[in-house]
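>>> Sequence plus predicted model, see below.
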Amino acid sequence: MKHNVSTLISEEKLINRIKELAAQISSDYAGKDLHMICILKGGAYFMTELSKYITVPVTIDFMAVSSYGSKTVSSGIVKIIKDHDEPIEGRDVLVVEDIVDTGFTLSYLLEMLKDRKPASLRLCAMLNKPDRRIREVKIDYCGFDIPDEFVVGYGLDYDQHYRNLPYIGVIRPDEV
Ligand code: 5GP
């Protein structure tokens, strides 16, 4: 697979922002243990990098979800492919996601997790496309707001490719 990928956010900019987010999170969770839940597969690179710079005690878990519907039109129906392994009741949970687009996935997921009675529940998203929002989602920690373009890299894929790019790139619309 070979597309023309143009850089939207460089590796350096991304890492610097991740360090800033980690410093903010470390300060906000001072004196607490932080339980991070990564949403696979897209959030994997982001959570790995982010967690390295967090200075409070951290535990990690993973979930995988899929939205029914085509690639570009979210149906709002979310299917849990893999649930988290460890119970979250009474814990300070931070959900780590690659990108919030329509908001369907996260609004569903956060409601579901809230019912499991964590002590606190927050969301950290690497990217946010505010222009595309349909469901309101509170993003407590956001890496970058980006325009309505299809992005790949740093965990984000096009047909399972490009996740390993160390930067965020855009694939031209006529190529998608
Ligand atoms: P939402 O439910 O917020 O519409 O969708 C979130 C999911 O859609 C993300 O976790 C991601 O998997 C996918 N997604 C949304 N926008 C993009 C994009 O620009 N590039 C890629 N690779 N995936 C996206």
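Good, I have the coordinates. Residues are numbered from 1 along each chain as shown.

>>> now the spatially most central residue of the chain, what's its secondary structure?
With distances taken as CA atoms, centre = their mean, residue 97 lies nearest the centre of the chain, 1.3 Å away. Following DSSP: H, G, I helix; E, B strand; the rest coil, we place residue 97 in the strand state.

>>> quick one: it and residue 133, what's the gap?
In this view, residue 97 and residue 133 are 14 Å apart by CB to CB, to the nearest Å. Heads up, the C-betas are built off the backbone N, CA and C, glycines and all.

>>> Residue 118 too?
Plainly put, residue 118 is 24 Å away from residue 133 if you go by CB to CB.

>>> Ok, residue 153 next?
22 Å.

>>> Compare the two (neighbour count), which wins?
Set side by side, residue 153 and residue 133 show more neighbours around residue 153, with 24 against 15, by other CB atoms under 10 Å.

>>> Hmm, that one is touching residue 163, no?
Yes - counting by CB atoms under 8 Å, residue 153 touches residue 163, with 7.4 Å between them.

>>> if we can go back for a sec, and the residue nearest to the centre of the chain, what does it touch?
By CB atoms under 8 Å, 6 or more residues apart in numbering, the contact set of residue 97 is 39, 42, 43, 105, 106, 123, 124, 125, 126.

>>> The second one: neighbour count?
By other CB under 10 Å, 21 other residues sit near residue 42.

>>> Help me confirm that it is found in a helix?
No - going by three-state DSSP, the assignment for residue 42 is coil, not a helix.

>>> That one is in contact with residue 158, isn't it?
No - if you go by CB under 8 Å, residue 42 and residue 158 don't touch, sitting 11.5 Å apart.

>>> quick one, strands of this structure?
5-9, 34-40, 58-67, 78-82, 92-100, 120-128, 141-145, 151-152, 168-171 (DSSP state E).

>>> what does the longest helix seen in the chain rub up against?
The residue-count maximum for a helix in the chain (DSSP state H) belongs to helix 11-28. Helix 11-28 is contacted from outside by 34, 46, 49-56, 94, 124, 141, 143-144, 154, 166-168, using CB under 8 Å, 6+ apart.

>>> If we use 10 Å, what do you get?
7-10, 34, 36, 45-47, 49-56, 58, 92, 94, 120, 122, 124-127, 140-144, 153-154, 165-168 (CB atoms under 10 Å, 6 or more residues apart in numbering).

>>> If any of those residues are buried, put those into a PyMOL selection.
PyMOL command restricting the contacts of helix 11-28 to the buried ones, with burial defined by 16 or more other CB atoms under 10 Å:
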select buried, resi 8+9+34+36+45+46+47+49+50+51+54+58+92+94+122+124+125+126+127+141+142+143+144+153+154+165+167+168
